[in-house]
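# Can you look at this prediction? I've put the sequence above it.
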Amino acid sequence: MTSRIASLTDFLLMQIERSAEVRESATTRKPLNRQIYQAIREAILSQLLPAGWQLPSSRDLARGLALSRNTVTYAYEQLLAEGYLETRAGAGTFIADTTPDQLPETHPHTAPLIDPSGQSELSARGAKLVQQAGVSDLQWGAFMPGVPDVTLFPNKVWSRLQNKHWRRSQAELLTYGQGGGYHPLRTAIADYLRVARSVNCNADQVIITTGIHQSLDLIVKLLGEYGDTAWVEDPCYWGTRSVLSSVGINPVGVAVDAEGMNIRSANLREPPRFICTTPSHQYPLGMVMSLSRRRMLLEYAATHKSWVIEDDYDSEFRYGSRPLASLQGTDTQGRVLYMGTFSKTLFPGLRIGFIVVPESLATAFSTGVSELYRGSQVFLQAVLADFMREGHFASHIRRMRLVYAERLQLLQDAIKDNFGDTVEITGGDTGLHLTLGLPSHCDDFVISREARSAGIIARPLSRYYMSENTTSRGLLLGYGCVPNAHIRPAFDVLAAIIKKHI
């Protein structure tokens, strides 16, 4: 017994001393009871303390360590609760036998090497998703596309509405949401869309999501099968391809021209399950789909029972004319699912978006969104509903439209002063970004990387294309989140980099 106490005491004292050496201060050091627990646990897992070995009593070990008995008792009780120790009536405390009853057969010659990056552990689908990811680690600054100026959001109004709901302490706003979302918000969205975007809908057709990504994910999961195809614009938003591929839907690129998605006879021979489009403001090039293309697309979808997924991500911000009517508003066959988000109009961190589905699908989608994702952020949905009902949303849109129009003009002026008419600007009449075209010999990815080193975000246009044969070179330049005074100096830095490559 004495040798057992001495050996365990020496081992624990050594571990405690080592722990003290690697800790910078007493404030970051683990409590002694946790240190003893962890030291014994690790010794058991590494088989330094074998199964069946009897531990000294908590009293004896505490005396050997010069600690209170409670300190050791805590460690013993935690190890007993987790199954590392076992007690035997009248005999004491022992190391439990945790060896599996059956060990799987191992084949050392076929065992995979450990990959520190974790890439080898990914499925083929997961590896492709990670390798082709378009997400940026920066989400703010010149010239991040698609990001609004959150510093101009009416915080005081929002806080007042939020405090009102906190005071009510309604339990239903703090638990999981039910069905398609908070119904007053669905009503407010439907009312707004009918007037501002000519969307034909009622509140029950509006399904609240966390944004475009979840909306698209829900649509293809409920309406698609693994292996189905989806036409996507080429170039298109990287997130669209990522979501489709992640659920086994094959994206097929369809080139765009000045009239939007240009569906050729080769495409028409193989009808897709889905057609994903941004007709009011093509992302990233900015053109508007012509009326003839819209009619052709709707007729084709109705004939072949394809679903049209309309992404209307930032059409509220149209400069010089009223926002265009939605594609959904001219659909008479119920084949369009309309997606929208508050990430561009209010702030991305809100994480609230929506789908407008055909009436025949409203019940299924209401159930599906709750079943797959559990309704969330009901409290914020209630605040947003009041924000819209009281007119603050429309006021904020009007104010920000003026702000963004001024910033767009400042960026266009900076481009013209640096390059004159030698570069092409597209998509400069709607949204929160424009596309700056570059000569075909320029490597926009290299320019983007050099700009990043200089503190400028300029996303390469070529990365939005699916086919190398149709790839154009350019840079996406967002102006929404760039203060007026920063636009010219930031672009002058970027222009100096571009000039080295032209």
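Received the coordinates, thanks. Residues are numbered from 1 along each chain as shown.

# which residue packs closest to Ile208, ignoring adjacent ones?
Leaving aside its chain neighbours, Ile208 sits nearest to Gly181 (2.7 Å; criterion: Cβ to Cβ, 6 or more residues apart in numbering). C-beta here means a position set from N, CA and C on the backbone, and glycine is covered the same way.

# Confirm that neighbour sits in a strand?
No: with DSSP: H, G, I helix; E, B strand; the rest coil as the criterion, Gly181 is coil rather than part of a strand.

# Just give me the neighbour total for it.
By other Cβ atoms under 10 Å, 26 other residues sit near Gly181.

# Would you confirm that it contacts Thr210?
No: contact criterion Cβ atoms under 8 Å: Gly181 and Thr210 do not qualify, at 10.5 Å.

# Which neighbours do those two have in common?
Common contacts of Gly181 and Thr210 (Cβ atoms under 8 Å, 6 or more residues apart in numbering): none found.

# Give me the distance between the residue nearest to Ile208 and Ile355.
From Gly181 across to Ile355, the span is 10 Å (Cβ to Cβ, to the nearest Å).

# Gly90 now?
Gly90 is 67 Å from Ile355, by Cβ to Cβ.

# more neighbours, these two?
Just comparing Gly90 and Ile355: by other Cβ under 10 Å the higher neighbour count belongs to Ile355, 25 against 5.

# ok, that one - contacts?
Here Ile355 is in contact with Val206, Ile207, Thr209, Ser215, Leu218, Ile219, Leu337, Tyr338, Met339, Phe365 (Cβ under 8 Å, 6+ apart).

# one more time with 7 Å
Ile207, Thr209, Ser215, Ile219, Leu337, Tyr338, Met339, Phe365 (Cβ atoms under 7 Å, 6 or more residues apart in numbering).

# neighbours around the closest residue to Ser472 other than its chain neighbours, how many?
Counting by Cβ to Cβ, 6+ apart, Ser472 lies nearest to Leu461, which is 6.1 Å off, once chain neighbours are set aside. Other residues near Leu461 come to 24 when the count uses other Cβ under 10 Å.

# Can you tell me which of the contacts of Ile355 is closest to Ala485?
Nearest to Ala485 among these: Met339, at 34.9 Å, using Cβ to Cβ.

# per-residue confidence at the closest residue to that closest one other than its chain neighbours?
Spatial nearest neighbour of Met339, excluding adjacent residues (Cβ to Cβ, 6+ apart): Ser215 at 4.5 Å. Note on Ser215: pLDDT of 97.

# try Ala96
pLDDT recorded at Ala96 is 91.

# Check which helices and strands the strand ranked longest in the chain sits against.
Identified as the longest strand of the chain according to DSSP state E is strand 250-257. When contacts are defined as 3 or more Cβ pairs under 7 Å, 6 or more residues apart in numbering; DSSP states H and E, strand 250-257 sits against strand 229-234, helix 238-246.

# Specify the angle between it and helix 238-246 in degrees.
Calculated by axes from the mean of the first three to the mean of the last three Cα atoms, to 10 degrees, strand 250-257 forms an angle of 150 degrees with helix 238-246.

# Quick check: next helix or strand after strand 250-257?
Downstream of strand 250-257, the next assigned helix or strand under DSSP states H and E is strand 260-261.

# CA atoms of the next helix or strand after that following strand as PDB?
On the C-terminal side of strand 260-261, the nearest following helix or strand under DSSP H and E is helix 265-268. The C-alpha trace of helix 265-268 is given here as PDB (Å, rounded to 0.1, in the frame of the first residue of the first chain):
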ATOM      1  CA  SER A 265     -30.800  24.700 -78.600                       C
ATOM      2  CA  ALA A 266     -28.200  22.400 -77.100                       C
ATOM      3  CA  ASN A 267     -29.600  23.200 -73.600                       C
ATOM      4  CA  LEU A 268     -33.200  22.800 -74.700                       C
END
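
# in helix 265-268, what counts as buried?
Buried positions in helix 265-268, judged by neighbour count with 16 or more other Cβ atoms under 10 Å: Asn267.

# One more: stretch 273-291?
Quick answer for stretch 273-291 (16+ other Cβ under 10 Å): 273-289.
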